[in-house]
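[1] Sequence and predicted structure, then a few things I'm wondering about:
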Amino acid sequence: MIRALAITVSNRASAGVYPDRSGPVLADLLRGAGCDTEGPQVVPDGAPVEKALREAIAAGYDLVVTTGGTGLTPGDLTPEMTRKVIDREIPGIGEAIRAAGVSAGIPAAMLSRGIAGLAGKTLVVNLPGSTGGVRDGMKVLAAIVGHAIDQARGGDHPSSTGPQS
């Protein structure tokens, strides 16, 4: 079982200005992908994101997925905070998530700066803050999350032709 945490990054939702909409969608989709999911935890952008990620990694989550803070406004700092905690970036995940959004007819999806990477054995993935961006991103992530977590835990690549010599 993959132990996952959903984190919503939103200054306004964390201040109670409006309810978190994307976090509950993310948590539900993580559960639908077979993850034992906690959250959403709601934090403002900036340093609180780094703190929440570090706490999640220390708590031993296999997967931490954020929603929000990936855009172009001066306050959108989720990718920068994520880079502070990951050891190795996995560019293909972010690229595939952006491509999925564009393919779904949302040209602005290419503006998302979300990244993904490993912090030790924890996979951290940034998704956009919209519910549609979360849905599109989770379609991509759900298809590879089991294999990615297995690899992070030290698993071998599956072979379609049997044992290799």
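    Arrived safely. Numbering: from 1, shown residues only.
[2] chain center to whichever strand or helix holds I144, what's the gap?
    Element membership for I144 (DSSP states H and E) is helix 131-152. Distance, stretch centre to chain centre, for helix 131-152: 8 Å (CA atoms, centre = their mean, to the nearest Å).
[3] Ok, stretch 14-24 next?
    Centre-to-centre, stretch 14-24 and its host chain are 17 Å apart (CA atoms, centre = their mean).
[4] in it, what's buried?
    Residues of stretch 14-24 classed as buried: 14, 20-24 (neighbour count, 16 or more other CB atoms under 10 Å). All C-beta spots, glycine's among them, are computed from the backbone N, C-alpha and C.
[5] Same question for stretch 90-107.
    Those would be 90, 93-94, 96-98, 100-101, 106, for stretch 90-107 by 16+ other CB under 10 Å.
[6] can you tell me which of the residues you listed are in helices?
    Counted as lying in helices by DSSP state H, out of the buried residues of stretch 90-107, are 93-94, 96-98, 100-101.
[7] Strands along this structure, start to end?
    Remark: strands assigned in the chain by DSSP state E are 2-9, 35-43, 63-67, 88-89, 116-119, 122-127.
[8] where does this structure dip in pLDDT?
    Along the chain, segments meeting pLDDT under 70 span 158-165.
[9] count of neighbours near the spatially closest residue to E89 that is not a sequence neighbour?
    The shortest distance from E89 to any non-neighbouring residue, by CB to CB, 6 or more residues apart in numbering, is to G117 (4.2 Å). Residues lying near G117 (other CB atoms under 10 Å) number 20.
[10] I'd like the distance between G117 and V17.
    According to CB to CB, to the nearest Å, G117 and V17 sit 31 Å apart.
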